[in-house]
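> Following is a predicted model, sequence given first.
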Amino acid sequence: MRLRSKRVSTKRRSSQQEPIGYLMIAPFYLFLIFIVLVPVVMNVLLSLTDYDLRSMHFVGLRNYIALPQDIFFTTSVRNTIVYTFFTLLFSMGLGLAFAVVLNENIRGGRIFRTAIFIPFVTSMVAVSMIWLWIYDPSNGILNVALSLFGIPKQQWLYDPNLAMASIIVMSIWKLLGYNMVVYLAGLQSIPAYLYEAAKIDGARFGRVFRSITFPLLSPVTFFLFVTGIISNFNVFEQVKVMTDGGPDNSTTTVVHQIYDRAFNNFQMGYGSAMAVVLLIVIAAITLVNFHFGEKGTDVGID
Amino acid sequence: MKSPVRIVSCACSILLLVSGLSFAGGQKESASAASGPKPAEITFWFPSENPANDAYYSGAATAFMAKNPSIKIDVNPIPSNAGDIETKLNAALLSNTFPDVFLAYLVFIGTRGSRGDFAELDSYINNWSEKSDIYPSSLEMGKYKSHYVGLGFAPAPDILTYRKDYFREAGIDPNKPPTTWEQLADYAVRLTRRDADGNVIRAGFDMPAISPALVFVEPFFRQNGSKVIDEVNQVPAFADQASIDALQYLVDLYKKNVSIPYNFQKSDTVPFMSGKSAMSYITPSQIASLIQADPSVADKLGYAPVMGRKEKVDFSGYRLFTIGAKSKEKDASWKFIEFLMSSEQVWKRYTDLKIPVVLNSLKERFVQDNPQFNSILVDYVQHGKGKAVVPWTSLANKYMALAYEEAINGKKSPANALQDAQTALEKELSKSN
């Protein structure tokens, strides 16, 4: 009898606590539903219409069928892939390199760390404006610096062959600090005795990096890769401010085309279709990353 | 028990907070109700082109409110780039904050007038006492399918402006500006200054590397006899031989490296505005801004007449006053527009912003005030053609801009670039019909 009453009173206590618990997490779920999930569903529904901010008619998959024939969209997909590849590769690679160097107890390490991180916390629009000035063909500091070494002035953002590279360089400069800081945190979690053991065994820096540092950083690398893919596929601000997709469509990206179609050409339905395709592509890449990437992140130390 | 007490006390606190806010709101409402009828509040949006432009419109709103205390105007300068304006207006449409009075570009009469964003002004204009004084062309500019949706007040021509001092340096008579394409190309080469490495340090003629609205390119097409967009049949017409030849001329000139690249839509990047080029197509508002920044430059500026080849035509946009279709204060909005169209304000716009007058009663005074500049202005306004008034102008701009950039960057020949662009545009238009 005593046991039963104890069980009943425990049950009564937990059921009384439940409402409070649900109340506490309700704001987050309401936010998730109304700010995240509902717009996604609305976007999918809009993509099946010809909504132009005034009238709406169901058009089925017409918007999706038109996408492969749209030269602006196909160019933007290519540009986005190129942008993502190079930005991710160099921002992660250089971030790791800087982290490894700054992980040593070098003089002025904190100052360097802060200086490299500052661009990341600066507004992208402000940074884009500064780099517009740096890349100015006639007075820009970059051309002035190059001319000191006898290198001819370049058109940078006005040259279709250089415009995307110019934006990539700026983006790498901005993202480097974040990757460095995350890698630093990862490096500092690697047990010191592993390095001591390697030192005793006479392992050189390259071997230590290959056998200890890099494998133990794989969870961090995986995290940065997944989040980097998602954020770089959504590149927009710097393209809009610096080049507006030009010259000659060389810098337009998928999100830039979504913006242009939806807000400049009154094709909200078509823009929504592009957004759905972008969502599917990013989701697919992320799932692939999780499937293959997570296998290598279990690097337990025995 | 603690939990119910906590819930009850939280609920009571929320209830108290909500009651307090409602009470305060009620007090404010009753206070304002006690003080008399609320003034009509209207919002006024205008493109912020430069400080002189902003100062005029803000000042005009203040002067109107002083004369009409029952109307309050919330003045809101917005970006002047047509693409940015579209974004702001679309956001306003979706959030139900479309402005009551909006200073529109001519292109918006097609893109938005056709979509019912602007109120019809037929009853206001037809009953307007000053209607007979306004230029008929200004009235016609604001029509979409025979209904007035805007009131034209400012022809906005792009005038070929040049620096007389640079002309003298290059050994060119400063009183003989270019009047033909051949002369323009010849002068551009002679006026270009380069450094030891061959880089252009002062352009002979401003040629944009990026021109999304085609304001720079279209006049050359039209001068060579192209319609660019056939407004009667509502079809694109920019892949004809006239357009191809015109684009070939521009490509050949671009290859002569007579310009510093810039974005035509970003007025702060125009080299002429910072003294870095000898000739450029700029608006009267930009001219006014140049002179305001440096009054000594006024005597150094010269203005070329409208060029012709097969047709004597240049780009002359228009600015129009419009009223939002969903405005709740249309009468107050129209009263503000009437004020802005008074002789006093039309003349003030001329003196402050160099905007040509559109009232017959001011025409003579206008020409006599500055015969040299104003006769040129009249020339550009009379021979000017703005953007086509069709619902798909922004789409046409997108494809034509691509063709222009492909051609000047050598990616395609002018013929292929224009033909591909027109074919793609026609295909897209046929799908949406």
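Looks like it came in fine.
> what number of residues lie near the closest residue to chain B within the stretch 101-250 of chain A?
The stretch 101-250 of chain A approaches chain B most closely through residue A:158 (3.7 Å), counting by CB to the nearest CB. No exception for glycine: its C-beta is placed from N, CA and C like everyone else's. Counted with other CB atoms under 10 Å in any protein chain shown, the neighbours of residue A:158 add up to 23.
> remind me which residues of the stretch 51-200 of chain B are low pLDDT?
Applying pLDDT under 70 to the stretch 51-200 of chain B flags no residue at all.
> what helix or strand does the nearest residue to residue A:171 once chain neighbours are set aside sit in?
Distances taken as CB to CB, 6 or more residues apart in numbering or on different chains place residue A:87 nearest to residue A:171, at 4.9 Å, with adjacent residues excluded. Assessed by DSSP states H and E, residue A:87 sits inside helix A:71-103.
> Show me what that helix is packed up against.
helix A:109-121, helix A:163-188, helix A:218-233, helix A:254-259, helix B:393-408 (3 or more CB pairs under 8 Å, 6 or more residues apart in numbering or on different chains; DSSP states H and E).
> Now render the ones you listed as TSV, adding mean pLDDT, mean neighbour count and distance to residue A:74.
TSV is the format used below for these (pLDDT from 0 to 100; neighbours: other CB atoms under 10 Å in any protein chain shown; distance: least, CB to CB, whole Å):
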stretch	mean pLDDT	mean neighbour count	distance to residue A:74
helix A:109-121	92	13	32
helix A:163-188	96	21	15
helix A:218-233	94	18	16
helix A:254-259	96	24	10
helix B:393-408	93	25	13
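> is it possible to export those helices to TSV including distance to residue B:127?
Below are the helices and strands packed on helix A:71-103 laid out as TSV (distance: least, CB to CB, whole Å):
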stretch	distance to residue B:127
helix A:109-121	59
helix A:163-188	54
helix A:218-233	56
helix A:254-259	42
helix B:393-408	31
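> how about those helices, which one is nearest residue A:149?
Closest approach to residue A:149 among those is made by helix A:163-188 (17.4 Å; CB to CB).
> Name the residues of the next helix-or-strand element following the closest one that come out as buried.
Under the assignment DSSP H and E, the closest C-terminal helix or strand after helix A:163-188 is helix A:192-200. Buried residues in helix A:192-200, counting neighbours by 16 or more other CB atoms under 10 Å in any protein chain shown, are found at residue A:198.
> Next: stretch B:84-97.
Using 16+ other CB under 10 Å as the test for burial, stretch B:84-97 gives B:84, B:85, B:86, B:87, B:88, B:89, B:90, B:92, B:93.
> Report the central residue of the chain.
Defaulting to chain A. By CA atoms, centre = their mean, chain A has its centre lying nearest to residue A:231, at 2.3 Å.
> hm, I was asking about chain B
residue B:105 (4.7 Å).
> wait, what's in contact with that one?
B:47, B:82, B:85, B:156, B:317, B:318, B:319, B:320, B:387 (CB atoms under 8 Å, 6 or more residues apart in numbering or on different chains).
> quick check, nearest of those to residue A:125?
Nearest to residue A:125 out of those is residue B:85 (CB to CB; 18.2 Å).
> residue in chain B nearest to chain A?
Proximity to chain A, evaluated over chain B using CB to the nearest CB, is greatest for residue B:261 at 3.7 Å.
> Neighbours of that residue, how many?
Residues lying near residue B:261 (other CB under 10 Å) number 24.
> so which of the helices and strands packed on helix A:71-103 comes closest to residue B:152?
Residue B:152 lies closest to helix B:393-408 among the helices and strands packed on helix A:71-103, at 16.9 Å (CB to CB).
> And residue B:25, what's its pLDDT?
pLDDT, residue B:25: 45.
> residues making contact with the strand or helix carrying residue B:250?
In the assignment (DSSP H and E), residue B:250 maps to helix B:241-255. If you take CB under 8 Å, 6+ apart as the criterion, helix B:241-255 is touched by B:181, B:184-185, B:188, B:205, B:207, B:217, B:220-221, B:223-226, B:228, B:310, B:403-404, B:407-408, B:414-415, B:417-418.
> Perfect, I'm done here.
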